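In: could you look at this predicted model? Sequence included:
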Amino acid sequence: MEFETVIGLEVHAQLRTATKIFCGCATTFGAPPNTNTCPVCLGLPGSLPVLNKMAVEYGIKVALAANATVNPLSQFARKNYFYPDLPKGYQTSQYDRPLVEHGRIDITVDNEVKTIGITRMHLEEDAGKLIHDEREPRSFVDLNRAGTPLLEIVSEPDLRSPAEAVDYLRKLHTMLRYLDVCDGNMQEGSFRCDANISLRPFGAAEFGVRTELKNMNSFRHVQAALEYEQRRQRDILLEGGTVIQQTMLWNPDKGITEPMRGKEDAHDYRYFPCPDLLEVQVDDSWVNTVRHTLPELPEARRNRFVDSYGLPPYDAALLTEARELADYFEQATATGAPAKKVANWVMTELLREVTAPALIADGAVSPEHLGTLVLLIEDGTISGKIGKSVFTEMISSGKDPRTIITEKGFSQISDEDELLKLVREIITASPDQVAQFKAGKSKVMGYFIGRLMQKTKGSANPKLANQLFTRELSAR
């Protein structure tokens, strides 16, 4: 029997507000434990929450980008469960009346567009963090993260493979970063994913028993965990067993999923409306105001890069994966440098030096300097080979390429008389290679150009050098 995989994802995106969702505490990552706290996020008796308006606006923004419906009325509820990092004994979330419903994200599967439905998006507060002592059987609680605003984005069970799930996640991750509502840092927990996965016989209408996967902090871990769980469930079903509905933890060290607890259903949390918070009212005017703040989204920008700059689809896709990278490219081309040449430098030399696209803006090489470097290569001031040396110096010093060329004496030799003298000297000293050229062995031209570059320390204009050698050798 063959099985069809069914996957649905729940993404928790930490919103980039300066303060928490129901109080004025900072959301700064990395502060000393329990310093970004107050009576509200500590859950002390008598403290009352006040909703952060910016968190709602960010939720509206994501809804518009995902072609979703913003509900005019939404309501917060208390999700009741006990865990040491949940100081109130409940999480303030949204349940039956979420902020957003019925959206979609398009991915490409086998060169065809596939629409992945979004069931809902709702606002909620994050819990704290448990820190386990590796030397002793004890744990510590850091409540700095408690109350941090989250937007939970729940997909429909439309995904049919781990690869599709990762494609959807990457698309959503890119969109959130373009909107500047989430920094997307998976290692810091700003973009977290839980996955529900089940198998059913091909052609079956009903879903199989699902498990939920947690503890996946990278795209690679998401794919690996889903692939393992897919195999595990398939083996159970083929042996005539029954999959148990439970929550599984991904163990990246062992490369396996491990049971954590029985999978809860909604009734286990005893949801009820939060009495301390009013309904959230969002009218058309507010939605339209947020709509005017939307940036150009990745897909539209990718298409424009192909149409306006004449870039190949692959280049356009790579350059628009991160907003910072796309911004850098456009600023570099604004110098007048050829778009394709700039794209090549960004995709090879720049990305080789920068560990993450988000760090590009903080790098030593400004987009204006890179554009200038490409122009200097194009007009023959320096060769491409020298350009790489200049680029290396730009990274270490942050200086303008013209300044570096002057200081290092990197200017390309394009004086015909100067080069012609050296060309004739090399030809005279290389009778064997001249004979090979005359015999039709054109590859020997590489020898002549190489000798010239040695003499000029790589500063000879290669195009002019090739012309001079060709002319002088043909005349003999």
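Out: In hand now; what should we look at?

In: now do the strands for the stretch 51-200 of the chain: every range, in order, please.
Out: Under the criterion DSSP state E, counting those that start in this stretch, strands of the stretch 51-200 of the chain are mapped to 69-70, 73-74, 76-80, 90-94, 100-109, 112-125, 129-132, 139-142, 149-155, 191-201.

In: which of those has the lowest mean pLDDT?
Out: Lowest mean pLDDT within the strands of the stretch 51-200 of the chain: strand 129-132, at a mean of 89.

In: which of the residues in it are buried?
Out: Across strand 129-132, burial judged by 16 or more other Cβ atoms under 10 Å covers no residue at all. For the C-beta atoms, the positions are set from N, CA and C on the backbone; glycine is no exception.

In: so what touches that strand?
Out: 33, 84-85, 139-145 (Cβ atoms under 8 Å, 6 or more residues apart in numbering).

In: just the pLDDT at the closest residue to residue 384 other than its chain neighbours, thanks.
Out: Nearest residue to residue 384 in three dimensions, chain neighbours excluded: residue 377, at 5.5 Å (Cβ to Cβ, 6 or more residues apart in numbering). On pLDDT, residue 377 comes in at 91.

In: most packed of the strands of the stretch 51-200 of the chain?
Out: strand 149-155 (a mean of 23; mean count of other Cβ atoms under 10 Å).

In: name the helices or strands packed onto it?
Out: Packing partners of strand 149-155 (3 or more Cβ pairs under 8 Å, 6 or more residues apart in numbering; DSSP states H and E): strand 3-14, helix 53-65, strand 112-125.

In: for the stretch 351-476 of the chain, give me the ranges with low pLDDT.
Out: When residues are selected by pLDDT under 70, those of the stretch 351-476 of the chain lie in 357-359, 361.

In: make it 80
Out: Filtered on pLDDT under 80, the stretch 351-476 of the chain yields the residue ranges 355-363, 409-415, 457-459, 461-462, 476.

In: domains for the protein, by residue range?
Out: 3-288, 298-408, 416-474 (automatic domain parsing).

In: what comes up buried for the longest helix seen in the chain?
Out: Determined from DSSP state H, the single longest helix within the chain is helix 219-238. Residues 219, 221-226, 228-230, 232-234, 237 are the ones in helix 219-238 that count as buried (16+ other Cβ under 10 Å).

In: show me the contact partners of that helix.
Out: 1, 3, 5, 7, 162-163, 165-166, 169-170, 186, 193, 195, 197-199, 208, 211, 213, 216, 242-243, 248, 250, 252, 255-257.

In: thinking again about what came up before, sec struct for the residue nearest to residue 384, please.
Out: Classification of residue 377 using DSSP: H, G, I helix; E, B strand; the rest coil returns helix.

In: just to check, it is in contact with residue 387?
Out: Yes. Between residue 377 and residue 387 there is a contact under Cβ atoms under 8 Å: 4.7 Å.

In: please enumerate the helices of the stretch 251-400 of the chain.
Out: 284-291, 298-309, 313-319, 323-333, 339-345, 351-353, 367-378, 384-397 (DSSP state H, counting those that start in this stretch).

In: mind checking those for the one nearest to residue 360?
Out: Among those, the nearest to residue 360 by Cβ to Cβ is helix 323-333 (4.9 Å).

In: how near is the nearest residue to residue 189 once chain neighbours are set aside to residue 368?
Out: Leaving aside its sequence neighbours, residue 189 sits nearest to residue 14 (Cβ to Cβ, 6+ apart; 7.0 Å). From residue 14 over to residue 368 the distance is 33 Å, taken as Cβ to Cβ, to the nearest Å.

In: which of these two has more residues huddled nearby?
Out: The neighbour comparison of residue 14 against residue 368 (other Cβ atoms under 10 Å) goes to residue 14, with 24 against 14.

In: now do the more buried one, the pLDDT please.
Out: 97.

In: was I right to think it contacts residue 125?
Out: No. Contact criterion Cβ under 8 Å: residue 14 and residue 125 do not qualify, at 10.8 Å.

In: can you list residues touching both of these two?
Out: In contact with both residue 14 and residue 125: 148-150, using Cβ under 8 Å, 6+ apart.

In: as CSV, the residues you listed with distance to residue 39 would be great.
Out: As requested, the shared contacts of residue 14 and residue 125 are exported to CSV (distance: Cβ to Cβ, whole Å):
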residue, distance to residue 39
148, 17
149, 18
150, 21
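
In: list just the nearest of those residues to residue 268.
Out: Closest approach between the shared contacts of residue 14 and residue 125 and residue 268, by Cβ to Cβ: residue 150, at 20.1 Å.

In: touching, that closest one and residue 127? I think so.
Out: No. Between residue 150 and residue 127 there is no contact under Cβ under 8 Å: 9.7 Å.

In: could you check how far the residue nearest in space to the middle of the chain is from residue 400?
Out: Ranked by distance to the mean C-alpha position of the chain (Cα atoms, centre = their mean), the top residue is residue 174 at 5.2 Å. Going from residue 174 to residue 400 by Cβ to Cβ gives 32 Å.

In: who wins for proximity to residue 352 among the helices and strands packed on strand 149-155?
Out: strand 3-14 (29.8 Å).

In: angle of that closest one against helix 219-238?
Out: 150 degrees (axes from the mean of the first three to the mean of the last three Cα atoms, to 10 degrees).

In: picking up where we left off before, ok now the longest helix of the chain, how far from the chain's centre?
Out: The chain centre lies 24 Å from the centre of helix 219-238; the measure is Cα atoms, centre = their mean, to the nearest Å.

In: per-residue confidence averaged over that helix?
Out: Here helix 219-238 scores 95 as its mean pLDDT.

In: and the angle from it to strand 191-201?
Out: Using the same axes, to 10 degrees: helix 219-238 against strand 191-201 is 20 degrees.

In: which SS class is the closest residue to residue 389 other than its chain neighbours?
Out: Nearest residue to residue 389, sequence neighbours excluded (Cβ to Cβ, 6+ apart): residue 410, at 6.7 Å. Look at residue 410: counting by three-state DSSP, its state is coil.

In: looking at it, residue 410 is touching residue 390, isn't it?
Out: Yes. Counting by Cβ under 8 Å, residue 410 does reach residue 390; the two are 6.0 Å apart.

In: can you tell me which residues contact the nearest residue to residue 365 once chain neighbours are set aside?
Out: Spatial nearest neighbour of residue 365, excluding adjacent residues (Cβ to Cβ, 6+ apart): residue 394 at 5.0 Å. Residue 394 is in contact with 364-365, 369-370, 373, 401, 404, counting by Cβ under 8 Å, 6+ apart.

In: against residue 375, how distant is residue 394?
Out: Relative to residue 375, residue 394 is positioned 14 Å away (criterion: Cβ to Cβ).

In: how far away is residue 141 from residue 261?
Out: 19 Å.

In: same question for residue 444.
Out: Distance from residue 444 to residue 261, by Cβ to Cβ: 73 Å.

In: and residue 225, by the same measure?
Out: Separation of residue 225 from residue 261 (Cβ to Cβ) stands at 17 Å.

In: go on, residue 273?
Out: Taken as Cβ to Cβ, the span from residue 273 to residue 261 is 27 Å.

In: out of these two, which sits in the more crowded spot?
Out: Comparing residue 273 with residue 261 by other Cβ under 10 Å, the one with more neighbours is residue 273, at 14 against 10.

In: please name the bridge partners of that one.
Out: Counting by DSSP bridges, residue 273 is bridged to residue 77.

In: was I right about it contacting residue 92?
Out: No. Look at residue 273 against residue 92 with Cβ under 8 Å: they stay out of range, at 10.7 Å.
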